[in-house]
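# Predicted model follows, preceded by the sequence.
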Amino acid sequence: MTILAYDLGASSGRALLGRLTDRKIEVEEIHRFPNDPVQAGSRLHWDVLRLLHELKQGLLKAKHKGEQPKSLAIDSWAVDFGLIAKNGELLGNPYHYRDHYTEGMMEKVFAKVPQADIFARTGIQFLPFNTIYQLAALKETDSPLLREADRFLMIPDLLRYYLTGEMVNEFTNATTTQLYNPLQEGWDQELLEAIGIPEKLFGPVVHPGTAAGELQPSLCRELGIDSIPVITVAEHDTGSAVAAVPALRPDFAYLSCGTWSLMGTEVAKPVMTEQALQLNFTNEGGVNHTYRLLKNIMGLWILQELKREWERQGLNYTFPELVALAKDAGPWTSLVDPDDPLFLHAGDMSPRIQAYSSRTGQRQPQQPGEFVRCILESLALKYRYVLEWTEQLSGQRFEGLHMVGGGIQNELLCQWTADAIGKPVWTGPAEGSAIGNLAVQWIASGEFANLQEARRVIRDSFPVGIYEPVDRERWEEAYGRFLQLASLPT
């Protein structure tokens with residue numbers, strides 16, 4: 001049975017066909033495309049109509065291969081959204097979460113609803129670009145988008161609407177808005193009222209594995225294809241990546257590694273303690289009504305921005321070349337907290353890393369290899385910090401760490417992560433989000449009985465890399481220095 005998964009990341013998207021053959025999963029990438037934000041005047045937008053065009057190209061390429069997928073589904077990043085008018089049309093281009101329009105909004109929202117109350121209602125970590133602050137920014141400026149809006153759809157919801165004509169809000173992405181109440185199992189009406197956002201915008205929330213319509217007849221005529229059922233999966237890509245973790249035990253820790261790094265574990269109920277609030281952990285929805293107790297880490301975004309900065313200077317390094325330069329650079333010349341607000345927005349990163357180094361009394365990196373080593377070592381050390389707190393908050397002890405996502409292709413980062421945490425790191429699959437997307441579609445169709453069976457088949461279908469920790473004493477020393485430099489609570 002062939003099915004189709006669209007996996008949209010913050011920098012690129014892909015369409016993959018999935019097949020089950022003798023209880024093994026085969027995945028074929030049939031279309032890959034860039035997902036570049038567009039600066040229009042003072043605003044940074046997603047090019048959502050281009051994304052719709054690329055979804056159509058994926059359907060055409062499946063057709064040209066002689067495939068008629070039995071179903072399809074979409075996963076993407078979180079927090080961003082589109083607003084639909086009463087006539088069914090999209091109002092404006094969705095804003096990019098790295099746009100500056102939410103600056104200062106967290107504090108303004110806290111003046112209406114205390115921070116602790118928001119966490120007690122939602123269990124979601126505080127990030128300046130969360131959906132709640134984006135909507136509050138539109139409200140404060142009396143945006144015509146919000147005034148004319150009739151429905152709120154997150155990015156996968158919006159693209160699914162274009163395909164099917166049906167509006168459905170999916171659970172895993174809905175939880176990331178910081179407007180969903182897991183205790184009430186629905187949108188938090190009192191929180192919406194407090195910030196002046198109309199409740200009418202928000203539709204019923206459905207869980208992964210729900211049938212969400214079929215391709216519209218007009219789209220089928222346009223592409224010359226038969227209709228295909230559309231399924232809601234874990235439409236936050238991290239939720240799909242976690243679904244694909246090939247863990248054999250229910251108590252496992254994961255790191256979804258890409259532009260963002262997201263580390264945590266699955267829990268049956270959200271952990272909404274005072275300690276979780278103080279550490280800014282989050283409880284995002286997962287498959288089978290679970291929650292993902294996790295923390296966002298800035299991830300490889302900083303390295304990606306360094307690469308773009310050097311390209312603007314005419315220095316065209318590949319990622320493998322940058323990793324090789326890092327390996328040859330001196331160890332622990334400089335360490336940074338990857339989650340310092342200094343590194344959130346796009347633009348030149350090297351002067352910001354140098355500024356952080358000066359501020360903390362360290363030698364400034366100068367050469368590309370030194371910058372890259374600084375970022376990779378700092379990420380590995382931050383992973384240890386977050387893993388230790390994940391154990392404490394969840395009351396579990398993990399034997400090692402499962403890493404999934406495109407970042408596992410950086411073998412140096414995988415090894416340094418094992419060294420930093422002092423435990424084995426198991427890697428794979430690289431296309432975790434897409435494979436988790438496929439797995440939930442197969443569960444919905446009855447091909448897999450449950451997520452546990454899907455994970456066993458994933459483990460049998462894709463190789464698992466193993467990295468054992470080495471050089472523990474030096475990494476232990478570096479960790480102590482990192483904690484001090486980053487001023488992190490212990």
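Right, received. Where do you want to start?
# what's the helix or strand for residue 321?
Residue 321 belongs to helix 319-328 when assigned by DSSP states H and E.
# Return the distance of that helix from the chain's centre.
Distance, stretch centre to chain centre, for helix 319-328: 25 Å (C-alpha atoms, centre = their mean, to the nearest Å).
# pLDDT on the following helix or strand past it, on average?
Downstream of helix 319-328, the next assigned helix or strand under DSSP H and E is helix 350-359. The pLDDT scores in helix 350-359 average 98.
# Residue 133: neighbour count?
Here the number of neighbours of residue 133 (other C-beta atoms under 10 Å) works out to 25. Yep, even glycine has a C-beta here, placed from its N, CA and C like the rest.
# Next one: it relative to residue 140, how far apart?
Going from residue 133 to residue 140 by C-beta to C-beta, to the nearest Å gives 10 Å.
# Identify the contacts common to these two.
Residues touching both residue 133 and residue 140 by C-beta atoms under 8 Å, 6 or more residues apart in numbering: residue 105.
# In the stretch 351-490 of the chain, where is pLDDT below threshold?
Judged against pLDDT under 70, the stretch 351-490 of the chain has no low-scoring part.
# Which parts of it are helices?
368-394, 411-421, 432-445, 451-461, 472-486 (DSSP state H, counting those that start in this stretch).
# do the same with the stretch 151-300 of the chain
155-164, 171-175, 189-195, 217-223, 237-243, 274-278.
# wait, isn't residue 236 in contact with residue 80?
No: the criterion here is C-beta atoms under 8 Å, and residue 236 misses it with residue 80 at 11.2 Å.
# Those two: who's more crowded?
residue 236 (31 against 24).
# so what's the more buried one up against?
Residue 236 neighbours (C-beta under 8 Å, 6+ apart): 75, 76, 77, 78, 172, 173, 175, 176, 284, 285.
# Give me the subset of those lying in strands.
The strands, defined by DSSP state E, take in 75, 284, 285 from these.
# Was I right to think residue 342 contacts residue 356?
Yes: assessed by C-beta under 8 Å, residue 342 is found in contact with residue 356 at 6.1 Å.
# So if I had to pick from the two, which one is more boxed in?
Neighbours were counted for residue 342 and for residue 356 using other C-beta under 10 Å; residue 356 has more, 22 against 16.
# got the contact list for that one?
Neighbour list for residue 356: 336, 337, 340, 342 [criterion: C-beta under 8 Å, 6+ apart].
# Can you name the element that comes right after the host helix or strand of residue 27?
If you go by DSSP H and E, residue 27 is part of strand 24-34. Going down the chain from strand 24-34, the next helix or strand is strand 38-40, by DSSP H and E.
# in stretch 137-154, what's buried?
Neighbour counts over stretch 137-154 (16 or more other C-beta atoms under 10 Å) mark 137-140, 143, 145-146, 149-154 as buried.
# same deal with stretch 250-257?
Under the neighbour-count criterion of 16+ other C-beta under 10 Å, stretch 250-257 has 252, 253, 254, 255, 256, 257 buried.
# Of the residues you listed, which pair is most distant in space?
Farthest pair in the buried residues of stretch 250-257 (C-beta to C-beta) is 252 and 257. Separation: 15.3 Å.
# circling back to that earlier point, which among the buried residues of stretch 137-154 gets closest to residue 266?
Using C-beta to C-beta, the buried residues of stretch 137-154 come closest to residue 266 at residue 154, 21.8 Å.
# What are the buried residues along stretch 4-19?
Going by neighbour count (16+ other C-beta under 10 Å), the buried part of stretch 4-19 is 4-11, 13-18.
# Now do it: distance to the chain's middle.
The answer for stretch 4-19 is 14 Å, by C-alpha atoms, centre = their mean.
# Now that stretch: average pLDDT?
95.
# And that stretch, end to end?
Separation of the first and last residues of stretch 4-19 by C-alpha to C-alpha, to the nearest Å is 9 Å.
# Need the three-state assignment for the closest residue to residue 138 other than its chain neighbours.
Excluding the flanking residues, the one nearest residue 138 by C-beta to C-beta, 6 or more residues apart in numbering is residue 146, at 4.3 Å. At residue 146, secondary structure determined by DSSP: H, G, I helix; E, B strand; the rest coil is helix.
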